[in-house]
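Novice: fold the following.
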Amino acid sequence: MTKVKMDVDLGGVHMQNPICTASGTFGNGRQFESFFDVSELGAITCKGVAAEPWAGNPAPRLAEITSGIMNSVGLQNPGVKGFVEEYGEYLAGLDERGCRVICQVAGHSIQEYIDALDLFEELAPFAAGFEINISCPNIACGGAAMGATPEAAAEVVRALRPHTKRPILVKLAPHDVADIARACEAEGADALTLINTIPGMAIDVRTYRSRLSRPTAGVSGPCIHPIAVRMVWEAAHAVKIPINGVGGVMNGEDAAEFLLAGASAVSIGTANLVDPVAAPRILSELEAWAESQGVKDIHEVIGACRC
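Specialist: Alright, predicted model coming up:
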């Protein structure tokens, strides 16, 4: 029996514990059921889905680097209808078993976000909330991220807020997090997820070409963890809404750092690709750490950093 009270509220997503999985690293949950009971987790975040199918980027799309990986998958997805047809029954059952389901919404324009969210509203009653990936490239602005500035991020949230009463979590790119966080909060975001991957580059010194199909890609893994902790801390001091910390969590103490920095929940990403039972292991380690600190309720450590 758990000695530490672990349940948290992520902007209206009521989680039995703070451990979530990061979008794009955990399939849509079902793929991991042969390794452990996914319903042990507080929540999962499904892979980003748009209104219509996206093909994603050509291979190679993944490259291993020192202390992390790089990816340029390009949010390949089957569209909302295809996603619900394939995973809806499983995800509804997962929610009934106690693990919340967060669906990530993708788009290349505000209208595409609206179209996807409207379809989710109609077809996905199992979704406890929606994570809006504002790092998607905006085709109307030469490919810049949809939420590259506070004004752009605010525009996306302002447009989407009337389309759902369920919680909206906004996933932030790793820059200007305090200003962009404030802009999202002002437009009605219920929570924030940060950080997304950090742009990087890897060159094959034998071929003189990028190691991936595109010149740049997103860096994730333990190498970005200290940066992510700092950005969560900055955002937590800028807004009152809850934060879901993401970036290089490999063990329970990494997760504890995010909580101490001000996050209410922690998502496991790259670790899932290294160790398929990373998420439940990290949950167990986090509980053990909290107990070792004499903590009775996990809320005692949220934002408790004495920086």
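
Novice: centroid-wise, who is the farthest residue in the protein?
Specialist: Residue farthest from the centre of the chain, counting by CA atoms, centre = their mean, is residue 206 at 35.0 Å.

Novice: mind telling me what element it is part of?
Specialist: For residue 206, there is no host helix or strand (DSSP states H and E).

Novice: retrieve the pLDDT associated with it.
Specialist: Listed pLDDT for residue 206 reads 97.

Novice: equivalent analysis for residue 148, please.
Specialist: Looking at residue 148, the pLDDT reads 89.

Novice: leaving out chain neighbours, which residue sits closest to it?
Specialist: Ranked by CB to CB, 6 or more residues apart in numbering and with sequence neighbours excluded, the top spatial neighbour of residue 148 is residue 173, at 6.9 Å. Bear in mind the C-beta positions are built from the backbone N, C-alpha and C, glycine included.

Novice: quick check, the one you found in contact with residue 146.
Specialist: No: using CB atoms under 8 Å, residue 173 is not in contact with residue 146; the gap is 9.2 Å.

Novice: and residue 258, how many neighbours does it have?
Specialist: The tally of other residues near residue 258 (other CB atoms under 10 Å) stands at 29.

Novice: how far away is the residue nearest to residue 148 from residue 218?
Specialist: 10 Å (CB to CB, to the nearest Å).

Novice: higher neighbour count, the two?
Specialist: Neighbour count, other CB under 10 Å: between residue 173 and residue 218, residue 173 has more, with 23 against 20.

Novice: related to what we said a few turns ago, list residues touching both of residue 173 and residue 146?
Specialist: Common neighbours of residue 173 and residue 146, counting by CB atoms under 8 Å, 6 or more residues apart in numbering, are 134, 135.

Novice: can you pull out the helices in the stretch 1-150 of the chain?
Specialist: Along the stretch 1-150 of the chain, counting by DSSP state H, counting those that start in this stretch, helices occupy 79-96, 110-123, 150-160.

Novice: which parts of the stretch 151-300 of the chain are helices?
Specialist: Using DSSP H, counting those that start in this stretch, the helices found in the stretch 151-300 of the chain span residues 177-186, 225-238, 252-261, 270-274, 278-292.

Novice: and the third one, what other elements does it pack with?
Specialist: Spelled out, that is helix 252-261. Applying 3 or more CB pairs under 8 Å, 6 or more residues apart in numbering; DSSP states H and E, one finds that helix 252-261 contacts helix 225-238, strand 243-246, strand 265-268, helix 278-292.

Novice: show the average pLDDT along the second one.
Specialist: Across strand 243-246, the average pLDDT comes to 98.

Novice: for it, list the C-alpha coordinates in CSV.
Specialist: Included here for strand 243-246 are C-alpha records, laid out as CSV according to Å, rounded to 0.1, in the frame of the first residue of the first chain:
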residue,chain,number,x,y,z
ILE,A,243,3.0,22.4,-15.2
ASN,A,244,3.8,19.0,-16.6
GLY,A,245,7.6,18.7,-16.7
VAL,A,246,9.3,16.9,-19.6
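
Novice: could I get the buried residue list for stretch 70-78?
Specialist: Residues 70, 71, 72, 73, 74, 75, 77, 78 are the ones in stretch 70-78 that count as buried (16 or more other CB atoms under 10 Å).

Novice: I'm done for today, thanks for sticking with me.
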